[in-house]
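Trainee: Following is a predicted model, sequence given first.
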Amino acid sequence: MTASPPPMPAHSPGLTPSQVSGRLAAFLRRPGPRGGDGLLAAVMTAIGLYLLAYVIEPEDGPQPPQQFDGVSYLEPDTGTTPEVWAVVFLILITASLAWRRTRPIAVFTAQVCIMLITDGNDGNVAGVMAVAIGAYSVAAHVRRLPVAAGVFGVATLALAARFPGDEEGPPGLVPLAVMATMWVTGRTIGTWRTRAGAFHGRALRAEREREVAVARERARIARELHDVVSHNVSVMVIQSGAARMVLRSNPDGATEALRAVETSGRETMAELRHLLGVLSAQEAPPHPGGSVAPDGDALGPPLAPQPDLTRLPLLLDRVRTAGLDVRLHTRGDARPLPPGIELTAYRVVQEALTNALKYAPGAHTDVTMTYAPDTIRIEVADDGPVDGRRPEPLGAGRGLLGLTERVTLHGGGLRAGHLPAGGYRVQASIPVPAP
């Protein structure tokens, strides 16, 4: 029985052309010897060495015999620079380009100094191009204009004096023209790159700010959903449980409890519809008769107003129906407050009563609203469950955390904790701006 051949190893898919081009672009943008500058230095050095070895003819060395009046003679050796120094100078000038973006002034200064100690016959096109690239790097990558201009000006004058050129034209015309071209090109590209970087930075900051705004809006919506759903669903659960228990013995009581469940459900639907209307970017189409057609099951207006402190009595009545003995105390001169503050105060009372319903059913609860000239203080305190036992463990406090964020947003503070004699208390203080 022959063994089956082992399975061939799966080959990972190769890089796509876009990935290859992306990596190549990232490599070329990376400054220093391990990036595009190192590649440029290696290419320039290789080109220079090739030109020096195979193209440029040395002017030094033994000269052919000269004829004068039929007599052959040799001209004496003038003792010129050895060829090895030309190689060393060329490598130093071109290899230094590997640091042209990280150390532009040092690279350009070294290149100019090496050019000044040569006799003008040891360089080639690669060396001259390397010096020009170094000059461009100073103009493009040195942000401090006085420093760049000073280094550039001294180097230009030194090169023009060292290599004046032919006697036919102005002295130093070629170095001056090359350096001026590199300066204008470098400053133009450097300025454009700086502005593009600033635009990119502003775009990134705007994107981060948008993400933060979206996260805050999501947190706000989560708080709204918690405030709306937690309270009303808690009332509905308690009322439906009470209706089930007394359905046979007290049908009238069961009917009242179910009616309270229906009321809480309608209010929950109305407030959820309000949230959905805020999130929707589209408006409902106008009714032909001029009024807005109701949507869904007509359980309430599509965009019911946000609750405020005028609806506290209704909230307390609903809680009393659920079995919580709650009383409202008002101190100071009650007056209309800014909508955001009224909504926050209402949510504080709503969340505290919801916790009392869940964790201290049947407790005696006092809601105290204190109106000061520049502050409104809310206190909701209960004396604990009637039988001394909590039916549920205390939750993670998401509602209280959301309330803390709401109150802090208006410059206030919120405290919550157990009372020494038993029970639980929630206190909030919200500054009220002067009218």
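Mentor: Received, thanks. Numbering: from 1, shown residues only.

Trainee: Quick check: S429 is in a helix.
Mentor: No: per DSSP: H, G, I helix; E, B strand; the rest coil, S429 lies outside any helix segment and is strand.

Trainee: So which elements touch the helix or strand that contains S240?
Mentor: For S240, the element it lies in under DSSP states H and E is helix 173-246. Helices and strands touching helix 173-246, as assessed by 3 or more C-beta pairs under 8 Å, 6 or more residues apart in numbering; DSSP states H and E, comprise helix 125-141, helix 145-162, helix 251-279, helix 312-321, helix 339-359, helix 398-409. C-beta: built from backbone N, CA, C; applies to glycine.

Trainee: what's the spacing between it and its chain's center?
Mentor: Distance of helix 173-246 from the chain centroid (C-alpha atoms, centre = their mean, to the nearest Å) equals 6 Å.

Trainee: Now do W183 against L173, distance only.
Mentor: 16 Å (C-beta to C-beta, to the nearest Å).

Trainee: What of E256?
Mentor: In terms of C-beta to C-beta, E256 sits 105 Å off from L173.

Trainee: Quick one: distance of stretch 99-108 to the chain centre.
Mentor: Offset of stretch 99-108 from its chain centre (C-alpha atoms, centre = their mean): 32 Å.

Trainee: what distance separates the start and the end of it?
Mentor: End-to-end distance of stretch 99-108 (C-alpha to C-alpha, to the nearest Å): 10 Å.

Trainee: thinking again about what came up before, W183 and L173: which has the busier surroundings?
Mentor: W183 (20 against 14; other C-beta atoms under 10 Å).

Trainee: can you pull the contacts of the more buried one?
Mentor: Residues near W183 by C-beta atoms under 8 Å, 6 or more residues apart in numbering: 135, 139, 152.

Trainee: middle-most residue in this protein, spatially?
Mentor: Centroid-nearest residue in the chain, with C-alpha atoms, centre = their mean: R208, separated by 3.1 Å.

Trainee: any idea of the mean pLDDT in stretch 234-254?
Mentor: Mean per-residue pLDDT for stretch 234-254: 77.

Trainee: What's the separation between the residue nearest to the centre of the chain and A198?
Mentor: Relative to A198, and taking C-beta to C-beta, R208 is found at 16 Å.

Trainee: repeat for P336
Mentor: To A198, P336 is 47 Å away according to C-beta to C-beta.

Trainee: what residue ranges in the stretch 51-200 of the chain are flagged as low confidence?
Mentor: For the stretch 51-200 of the chain, the stretches flagged by pLDDT under 70 are 56-82, 119-124, 166-169.

Trainee: same thing but 80
Mentor: Under the criterion pLDDT under 80, the flagged ranges of the stretch 51-200 of the chain are 52-83, 118-125, 165-172.

Trainee: ok now do L309, which residues does it touch?
Mentor: So L309 contacts 334, 337, 342, 345-346, 369 (C-beta under 8 Å, 6+ apart).

Trainee: run the last query once more with 6 Å
Mentor: By C-beta atoms under 6 Å, 6 or more residues apart in numbering, L309 lies in contact with 342, 345-346.
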